[in-house]
Every structure is written in C-alpha cells, then in structure tokens.
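S.K.: only geometry, no sequence info:
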C-alpha cells in the first residue's frame, strides 16, 4: 500500500460525458502527478501540482483539467470524452520533484 | 517523446535465474529510477540511482548507471514467480522537469 488513494476504481461512461477522478496523496507529500496509461501509448505524464500550484504540464489535452486543493488532494476532470480516452489514470505523489514517486492503484476508465 | 527505452521489450526466464533489463536514454539526467508494475496495478518504486553513482543494490536488485553511454541496467538475481511484472525506467533530467518513463520490459518468471 503506497498511501496514495484514488477514487473511483472503475468508471464506465459514454462519449461526450464528463468525469472527475480524485486522488489523495501520501501524508506530507506536496507534489501530485497525473498519468495516463494506455496499451499503445505507455505511461504518459499529464500534469504536476506542487502545494496547490501547477508545476509542470505534459501531454494533457485541452478537454482535461486538474487542480490541487488546500488539503492537497487533487482532481482530474475529463470532459467531452472520446473512445480513445479509455485508459488507466494514475495519480502519484512525492516529497520532492526529483525523488521517488508513489503511485495510487489507478482509475480504470472505459468510454463506450 | 520517450526519454528512456527499455530493452528487451519482453523477457521470459525460469525461476532461480537472473534477469537483466537495460535502459537507454538521450539527454543528461539528474537521476534514473526503476519501477515495477504488476498487471493493471500502480507502479511501485524500486530504486533510484543518482548521476554521480555507478552502482546501487537493494536486496536482490542491482542497478548500474553508465552516464557516458547514457544507459542503465537492472539485474534481478535468483528470480521468483512473484517477480513477474513490467519494469520501467524513468529519467529525471532536472528537479523541475517531470519524470519520463520508458515503455517497459515485461518479465515473466516461470516456476
């Protein structure tokens, strides 16, 4: 158990819909990262927050947005969903940006 | 684009044998990390090696780093069926850039 929690575990929705994925980092970790993992693209970095502020941005689509709240939990919002958005979405946290990252169990999103 | 690339893509060995996976990368790094992922689960951090280190051990794991060749290797000794997983290398170019993961090596350890 990494100490990072993610909800929900599974999500099935339809194209065009909007969903919110939630992540609670390990106690004391200020950095939160979001990743998308699909079979053909591997693990893709989406975005990083540090203590409430956006720190780095990766291959995140404009339809996707994220935020980190004062209690350090983070949410990833995915809108206008497409079939290709079906993937595993991971959240990770770390104490410092260049140190080990601790991953949550992931949210498996299926867009039908 | 991917920074780290693991080789081989897939590896199948018998229990008790050693498994070696390699990672090559393109730019200078601050550190390189190895992670394990069991099917459909979250990644688990295994070991971090800094750019000024050449070798690091953790239990049955040995990691080497050759910055002149921009490559790293992960050796798992006396493998067990429970080591069956995908193994990823991730490079940290600096403290202000995100980790970049390779596509991983799928290791199968047959009992």
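M.R.: Yep, that arrived. Keep in mind it's a predicted model, so treat the numbers as computed, not measured.
S.K.: low-scoring pLDDT stretches of chain A, where are they?
M.R.: For chain A, applying pLDDT under 70 flags no range at all.
S.K.: write out the residues of it neighbouring chain B.
M.R.: Chain A comes close to chain B at residues A:2, A:4, A:33, A:42-43, A:45, A:48, A:55-56, A:58, A:88, A:90, A:92, A:96-106, A:108, as judged by CB under 8 Å from any CB of the partner chain. Glycine gets a C-beta too; all of them are placed from N, C-alpha and C.
S.K.: of these, which belong to strands?
M.R.: A:33, A:42-43, A:45, A:48, A:55-56, A:88, A:90, A:92, A:102-103, A:108 (DSSP state E).
S.K.: buried sites along stretch A:24-34?
M.R.: A:24, A:25, A:26, A:29, A:30, A:31, A:32, A:33, A:34 (16 or more other CB atoms under 10 Å in any protein chain shown).
S.K.: pull up the distance across that stretch, start to finish.
M.R.: End-to-end distance of stretch A:24-34 (CA to CA, to the nearest Å): 12 Å.
S.K.: can you check stretch B:98-108 too?
M.R.: For stretch B:98-108, the first-to-last residue distance is 29 Å (CA to CA).
S.K.: check which residues of it are buried.
M.R.: By neighbour count on 16+ other CB under 10 Å, the buried set for stretch B:98-108 is B:98, B:99, B:100, B:101, B:102, B:103, B:104, B:105, B:106, B:107.
S.K.: list the contacts of stretch B:49-62.
M.R.: With contact meaning CB atoms under 8 Å, 6 or more residues apart in numbering or on different chains, stretch B:49-62 is reached by B:28-34, B:46-48, B:63-67, B:72, B:74-79.
S.K.: next, the distance between the ends of that stretch.
M.R.: Using CA to CA, one end of stretch B:49-62 lies 10 Å from the other.
S.K.: please state the offset of it from the chain centre?
M.R.: 11 Å (CA atoms, centre = their mean, to the nearest Å).
S.K.: and that stretch, what's buried?
M.R.: Buried, per 16+ other CB under 10 Å, within stretch B:49-62: B:49, B:61, B:62.
S.K.: what helix or strand is the first one on?
M.R.: For residue B:49, the host element (DSSP states H and E) is strand B:44-50.
S.K.: can you list the strands that that strand pairs with?
M.R.: Its sheet considered, strand B:44-50 pairs with strand B:31-37 (antiparallel) by DSSP bridges.
S.K.: buried residues, the helix or strand hosting residue A:77. List them.
M.R.: Assigned by DSSP H and E, residue A:77 belongs to strand A:74-78. By neighbour count with 16+ other CB under 10 Å, strand A:74-78 contains the buried residues A:74, A:75, A:76, A:78.
S.K.: dump these into TSV; add distance to residue B:12 as well.
M.R.: Output for these, formatted as TSV (distance: CB to CB, whole Å):
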residue	distance to residue B:12
A:74	38
A:75	40
A:76	36
A:78	36
